[in-house]
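*Asks:* could you work out the structure for the sequence below:
(one chain, ligands or ions: 1)
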Amino acid sequence: MIRLDKYLADMGVGTRAEVKRMIRQGKVTVDGKVEKSADRKLEAGTACVLAEGKEISYAKYEYYMLNKPAGVVSARSDRREKTVLDLIDSRKRKDLSPVGRLDKDTVGLLLITNDGALAHRLLSPKKHVDKTYYARVRGTVTEETVKQFAEGIDIGEGQEDWTMPARLLVVRQGEISEIRLTIQEGKYHQVKRMFQAAGMEVLYLKRETFGALTLDASLAEGEYRRLTDEELELLL
Ligand code: URA
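*Replies:* Model prediction:
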């Protein structure tokens, strides 16, 4: 059960004070009757709530897959920069967050939700959730690099900081190489620092998978969609 004012505020109808005012002014109906008590308790899934004539359905959790473009930051809000949440304009909930971070210049799969328990599970280092990245790097990736990454590589600056075993697949070898790398951690700038430690530079980085999720190839950079029921089931 949820209070009427919280229901409306959660769904972005207004701030708590604004929706209280709307309710007092008789602009909100519950199951066809004007409701003037902000503390009226509702069954979120079954009550029919209208604010100024518009039906407001309640979503406790929202889950979005975003193909993050370069140039936006993985934060909830930022005073100067555009954030990944600014891109999700069909969102109802105001309490969404990106699950983990991609660098400003990294593109690809980012999960966005207000399901904190799921986010915690996916980000926990103990859970060993696979993340696969496609990258173009300056330098020739060799079997030696594959071995180094499989054994773990020190990406520390000053202090040792060893990565867990990672799977590196060489897609194209050359002065500029193309690779796929699967890691189970999320250290700061991890992929870039792994290649840097091996004497190479990441020129382009895209995340293709995150746990059970695979980036939907039909999403252009900057586009997003809700997770399907099947995807949610796999994640949960
Ligand atoms: N590793 C990086 O270096 N950057 C990212 O954005 C993600 C993984």
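*Asks:* who does the residue lying farthest from the centre of the chain bridge with?
*Replies:* Distance from the centre of the chain peaks at K33, with 38.7 Å (C-alpha atoms, centre = their mean). Beta-bridge pairing for K33 (DSSP bridges): V30.
*Asks:* for it, give its distance to the ligand.
*Replies:* 51 Å (C-beta to the nearest ligand atom, to the nearest Å). In short, each C-beta sits where N, CA and C put it, glycine included.
*Asks:* D10 now?
*Replies:* Taking C-beta to the nearest ligand atom, one finds D10 at 31 Å from the ligand.
*Asks:* so for the chain, the centremost residue is which one?
*Replies:* So for the chain, C-alpha atoms, centre = their mean, it's L111, sitting 2.7 Å from the centre.
*Asks:* any idea how far Q159 is from that residue?
*Replies:* For L111, the distance to Q159 equals 31 Å [C-beta to C-beta, to the nearest Å].
*Asks:* list the residues that contact Q196.
*Replies:* I155, V202 (C-beta atoms under 8 Å, 6 or more residues apart in numbering).
*Asks:* for it, helix, strand, or coil?
*Replies:* helix (DSSP: H, G, I helix; E, B strand; the rest coil).
*Asks:* just give me the longest strand of the protein.
*Replies:* strand 201-210 (DSSP state E).
*Asks:* where does V137 sit, in terms of helix or strand?
*Replies:* Using DSSP states H and E, V137 sits within strand 131-138.
*Asks:* residues of the protein that sit close to the ligand?
*Replies:* Counting by C-beta under 6 Å from any ligand atom, the residues of the chain lying close to the ligand are L102, D103, T106, H189, Q190, V191, K192, L205.
*Asks:* returning to that earlier point: how far does whichever helix or strand comes after the longest strand of the chain sit from its chain's centre?
*Replies:* Downstream of strand 201-210, the next assigned helix or strand under DSSP H and E is strand 213-214. What separates the centre of strand 213-214 from the centre of its chain is 12 Å, taken as C-alpha atoms, centre = their mean, to the nearest Å.
*Asks:* avg pLDDT for strand 213-214?
*Replies:* Average pLDDT, strand 213-214: 98.
*Asks:* what sits up against that strand?
*Replies:* Contacts of strand 213-214 (C-beta under 8 Å, 6+ apart): M65, L109, L111, E208, L227, E231, L234, L235.
*Asks:* okay, these in CSV with pLDDT next?
*Replies:* Below are these laid out as CSV (pLDDT from 0 to 100):
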residue, pLDDT
M65, 98
L109, 98
L111, 98
E208, 98
L227, 97
E231, 97
L234, 93
L235, 91
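*Asks:* buried subset of these?
*Replies:* M65, L109, L111, E208, L227, E231, L235 (16 or more other C-beta atoms under 10 Å).
*Asks:* so the fourth one sits right up against L215, yeah?
*Replies:* Going back to what we said before, that points to E208. Yes: applying C-beta atoms under 8 Å as the test, E208 and L215 come out as touching, 5.3 Å apart.
*Asks:* need the residues touching each of those two.
*Replies:* Common neighbours of E208 and L215 (C-beta under 8 Å, 6+ apart) are G108, L109.
*Asks:* end to end, how far does stretch 98-118 reach?
*Replies:* Stretch 98-118 has an end-to-end distance of 12 Å (C-alpha to C-alpha, to the nearest Å).
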